Structures are given as C-alpha cells and as structure tokens.
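Colleague: Okay, structure incoming, though there's no sequence with it:
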C-alpha cells in the first residue's frame, strides 16, 4: 500500500492486535457488537501480551470501545506507559440477527439469511446489522486517520477484532497477502504491518509468541 501524501513517514510499524479470549469465543458464538467481557483465560492472555510488549517503542494505542478490546488495550497501555484512545470504527462487524448464536443455530433459525451471508458476498447486509464492505470501509477510514494522527511515533498499536482485521488487511495491503481463510488470527495475536517510508508491507500475521508457554 502506498502511503498517503508525499512526506516521508516516521511511523515504521503498526501492530494490529486481536482482543483476548471470551466465553463466546470458546463456545464459538457470534459476538458481533455484543459487549462480551474477557474470560479468565483472556485476562491471563492480555497480561502476558502486555509483558511481552513492555519496552517496545509504542507511541499510541487505538482501540475498539468494546470491553474485550478495550481491556486488552489497557493491559498493553499499562505495560508501555501509553493511554489508549477509543476508536469505535475498529469495532467488530455488527452481525445483527446472528448475535449470540452458534453457527448451527444461525443456520437453523435463519436459513435464508445464513445462506446469503455464507456466499461471501461483501455487499450482503445482515438484517439489523451490516455488510463486510461496511466494516472494511469504516475500519479503513479509521486506519487512514490513525496514520496521520500518529505520524511522529515509531510504532503504534491498534486493538480490534478478528472479523474486522480480516476485512481491513486486504484493503490496507491491496490484496497482496495470503488467503485469509487459511490463516488464523488467534486471541491477542499480533499482526505487524511495516513501513519503509513509502509503502506498507505485511511483516507477520497472527503471531502469539507471548502465549508459547
């Protein structure tokens, strides 16, 4: 991705971080924009993440306002001495009528809507929710503004959600990345986008070195 404007950026890296684990993640339920908190494992994950990132030159942290992301951002912020900034456009996709359901529940209760969504059509709007394209547009708008606001920092972090990151990455990298359907973005994983001063490139995706133990 070519950097906006002609001025050389001082920003070298953006860390895209998925929030810690919740009970709904374990149960494989659609969370969407339901404000589901971190579970005990998630709290341990974000503590480990903060310890791992301590000492990194993170100059700013932007986060979805949903508590699972915000609490993750606060753990990182405490470790690096930075106060997180709320960015609502980094929220998870609004899955509307699917919220709180498992995959099987979704198909049983809303067969037509499920079939339409599962085609992968980016423009399909989930009833009472939004489309994949809606998510990509709002998240990319946030990305562009964050880049401009954070220029001057060497490294920043954005804490968001699995679905949002999957829709944002192809836009940021102009589709120059592996098939995201084959890639895991685990809870508290770090996806690194590196800048050479003119272009953004994928460094690593879905990394969890802090969870190796």
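Modeller: On my side now, so go ahead. None of the values given here were measured: they were computed from a predicted structure.

Colleague: need the contact list for residue 122.
Modeller: Residue 122 is in contact with 131, 132, 133, 136, counting by Cβ atoms under 8 Å, 6 or more residues apart in numbering. Backbone N, C-alpha and C define where each C-beta goes, glycine included.

Colleague: List buried members of those residues by neighbour count.
Modeller: Listed as buried from these are 131, 132, 136; burial here means 16 or more other Cβ atoms under 10 Å.

Colleague: excluding its backbone neighbours, what's nearest the last one?
Modeller: What it means is residue 136. residue 167 (4.3 Å; Cβ to Cβ, 6 or more residues apart in numbering).

Colleague: Report the rounded mean pLDDT for the helix or strand hosting the one you found.
Modeller: Per DSSP states H and E, residue 167 falls inside helix 162-172. Mean per-residue pLDDT for helix 162-172: 94.

Colleague: same thing with stretch 206-213?
Modeller: On average, the pLDDT along stretch 206-213 is 90.

Colleague: Now the spatially most central residue of the chain. Its backbone dihedrals?
Modeller: Centrality entry for the chain: nearest residue to the mean C-alpha point is residue 160, 3.1 Å, by Cα atoms, centre = their mean. Phi and psi for residue 160, reported as degrees, to the nearest 10, are phi -140, psi -150.

Colleague: who's in contact with the nearest residue to residue 97 once chain neighbours are set aside?
Modeller: Spatial nearest neighbour of residue 97, excluding adjacent residues (Cβ to Cβ, 6+ apart): residue 127 at 4.9 Å. By Cβ under 8 Å, 6+ apart, the contact set of residue 127 is 96, 97, 110, 113.

Colleague: Now do the helices in the protein.
Modeller: Assigned by DSSP state H, the chain shows helices spanning 23-27, 40-53, 67-80, 103-109, 111-118, 132-150, 162-172.

Colleague: Quick check: which of those helices is nearest to residue 15?
Modeller: When the helices of the chain are compared by Cβ to Cβ, helix 40-53 sits nearest residue 15, at 7.8 Å.

Colleague: Buried residues of the closest one, list them for me.
Modeller: The neighbour-count check on helix 40-53 (16+ other Cβ under 10 Å) flags 42, 43, 45, 46, 47, 48, 49, 50, 52, 53 as buried.

Colleague: Measure how that helix sits relative to helix 67-80, angle-wise.
Modeller: Following axes from the mean of the first three to the mean of the last three Cα atoms, to 10 degrees, one obtains 30 degrees for the angle between helix 40-53 and helix 67-80.

Colleague: Work out the gap between helix 40-53 and the centre of the chain.
Modeller: 16 Å (Cα atoms, centre = their mean, to the nearest Å).

Colleague: For it, name the packing helices and strands.
Modeller: helix 67-80 (3 or more Cβ pairs under 8 Å, 6 or more residues apart in numbering; DSSP states H and E).

Colleague: Contacts for the helix it packs on next, please.
Modeller: 17, 19-20, 22, 31, 35-38, 42-43, 46-47, 49-51, 53-56, 58, 61-64, 82-84, 86, 90-91, 157, 159-161, 188.

Colleague: got it, and stretch 53-62?
Modeller: 15, 73, 76-77, 79-80, 82-87, 90, 142, 146, 149-150, 152-159, 210.

Colleague: how about a cut-off of 7 Å?
Modeller: Here stretch 53-62 makes contact (Cβ atoms under 7 Å, 6 or more residues apart in numbering) with 73, 76-77, 79-80, 82, 84-85, 87, 90, 146, 150, 153-159.
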